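In: predicted model and sequence below, questions to follow.
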Amino acid sequence: MVDMGGLDNLIANTAYLQARKTSEGDSRELQRRRRGLMLPGPQSCAEIRRALPRDFHGLCEQQPIGRRLFRDFLATVPPYQEAVAFLEEAQGWELAEEGPDKDSTLRGLVAACAAAPAPERPHPFLSPALATRCQAATSDEERAGLVALAKAEAMAFLQDQPFRDFLASPFYDKFLQWKVFEMRPVSDSYFTEFRVLGKGGFGEVCAVQVRNTGKMYACKKLDKKRLKKKNGEKMALSEKEILERISSPFIVSLAYAFESKSHLCLVMSLMNGGDLKFHIYSVGTRGLPMSRVVFYSAQMTCGVLHLHSLGIVYRDMKPENVLLDDLGNCRLSDLGLAVQIQDGKPITQR
């Protein structure tokens, strides 16, 4: 007797794995679809050019496309690229493990700030007063404080003339074209749906593939009737709004959001490594080695700290909500219970 349930599951798994394989390759069909992905012309950007606030933080830090194009623009101007190179080296120093190499990098950073790249041409992003203080620094504690000041001056420098030049460049025109492209309506016909990855109280999560690009995502489908019955509409909208604000490698990211007649859909990062509960209880010997505990704890802490920096409280930390990717890195997921803290107002809701 044929096990129809098992057969259906086998077919679903095969289709899903084949879709993942296709998305990683470059089939002729995908090539044809990608050629149809044309950015709108510059003439269609006039309205968004007027309406979009010219805010450095919003354009060049929060938005991945803006951040990428701003960096590409800075790379075309040597004095601007000099500031970027310093910030990258300073970030590398901050993230390095404690030890002689980190101390050596710190001294190199301060020495670079103290020494002009050429006679009569000081660093464009540093004030002469700070360069003089770097020359006189003697302790690592003093050097660390000076690097922090130099980072602040470098960021202030990039937000001034370089940012104005970026707004007048073709790189910003390209950014506007991408923003107009992002505003095109998205519906379920934009995706091919594959197997169900999990189920919850308000719906299910399934694997989907963007038809035009072949890229795989996880789609959280929230049933409108269940949301209304359980008064979950506010929670669903809150999760969408919070996901829109987040930009962290340690939290699942929102790629698309749309609604059908029956569902609210949040299309997010696809995490193929399973959840942490599965790895703790179902893979090999029960439990995790201490090295992995430290690794995952550090990544989860980075995700929580990012949320706290935005005034958001997660409120749902558990192994089931920590998902792993193909490389073994973890991300926090399911922000349905997360809340935004309002200044001076306590949170009293459940």
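Out: Nice, I can see it.

In: quick one: the helices in the stretch 51-200 of the chain, in order.
Out: Assigned by DSSP state H, counting those that start in this stretch, the stretch 51-200 of the chain shows helices spanning 56-57, 64-74, 78-95, 100-114, 128-136, 140-158, 161-167, 170-182.

In: can you tell me the element Arg331 falls in?
Out: strand 330-332 (DSSP states H and E).

In: now tabulate the helices of the stretch 51-200 of the chain in TSV and tack on distance to Val322, mean neighbour count and mean pLDDT.
Out: Every residue, glycine included, has its C-beta placed from N, CA and C. Converted to TSV, the helices of the stretch 51-200 of the chain look like this (distance: least, CB to CB, whole Å; neighbours: other CB atoms under 10 Å; pLDDT from 0 to 100):
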stretch	distance to Val322	mean neighbour count	mean pLDDT
helix 56-57	29	14	92
helix 64-74	23	18	94
helix 78-95	22	16	92
helix 100-114	29	16	89
helix 128-136	42	14	88
helix 140-158	31	17	93
helix 161-167	37	18	96
helix 170-182	29	17	92
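
In: ok, Pro64 to Phe166 distance?
Out: Separation of Pro64 from Phe166 (CB to CB, to the nearest Å) stands at 16 Å.

In: hmm, who's touching the strand holding Arg331?
Out: Here strand 330-332 makes contact (CB atoms under 8 Å, 6 or more residues apart in numbering) with 249-252, 269, 271, 276, 296, 299-300, 303-304, 307, 314, 317, 321-325.

In: what about 7 Å?
Out: Residues outside strand 330-332 that contact it (CB atoms under 7 Å, 6 or more residues apart in numbering) are 250-252, 269, 271, 276, 296, 299-300, 303, 314, 321-324.

In: ok, stretch 181-192 next?
Out: Leu39, Pro40, Val208, Gln209, Val210, Arg211, Cys219, Tyr256, Phe258, Ser260.

In: redo that, cut-off 6 Å
Out: Leu39, Val208, Gln209, Arg211, Tyr256, Phe258, Ser260 (CB atoms under 6 Å, 6 or more residues apart in numbering).

In: am I right that Ala218 falls within a helix?
Out: No - applying DSSP: H, G, I helix; E, B strand; the rest coil, one finds Ala218 to be strand, outside a helix.

In: what's the closest non-adjacent residue to it?
Out: Computed as CB to CB, 6 or more residues apart in numbering, the closest residue to Ala218 that is not its neighbour in sequence is Leu270, at 4.6 Å.

In: with Glu89 instead?
Out: Distances taken as CB to CB, 6+ apart place Leu109 nearest to Glu89, at 6.2 Å, with adjacent residues excluded.

In: from Leu158, how far out is that neighbour?
Out: Using CB to CB, we find Leu109 at a distance of 17 Å from Leu158.

In: can you check Lys221 too?
Out: Lys221 sits 41 Å away from Leu158, going by CB to CB.

In: before we move on, what about Leu59?
Out: In terms of CB to CB, Leu59 sits 12 Å off from Leu158.

In: got a ChimeraX select line for the buried ones in the contacts of stretch 181-192?
Out: Buried members of the contacts of stretch 181-192, defined by 16 or more other CB atoms under 10 Å, are picked up in ChimeraX with:
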select :208,209,256,258
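
In: now the contacts of stretch 181-192 as CSV including distance to Arg195?
Out: Compiled in CSV, those are given as follows (distance: CB to CB, whole Å):
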residue, distance to Arg195
Leu39, 33
Val208, 10
Gln209, 11
Arg211, 17
Tyr256, 19
Phe258, 20
Ser260, 19
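
In: quick one: which two of the contacts of stretch 181-192 are the most distant?
Out: Leu39 and Ser260 (26.9 Å; CB to CB).

In: hang on, the earlier thing: in CSV: the helices of the stretch 51-200 of the chain, plus distance to Leu332.
Out: CSV is the format used below for those (distance: least, CB to CB, whole Å):
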stretch, distance to Leu332
helix 56-57, 23
helix 64-74, 19
helix 78-95, 20
helix 100-114, 28
helix 128-136, 38
helix 140-158, 27
helix 161-167, 32
helix 170-182, 25
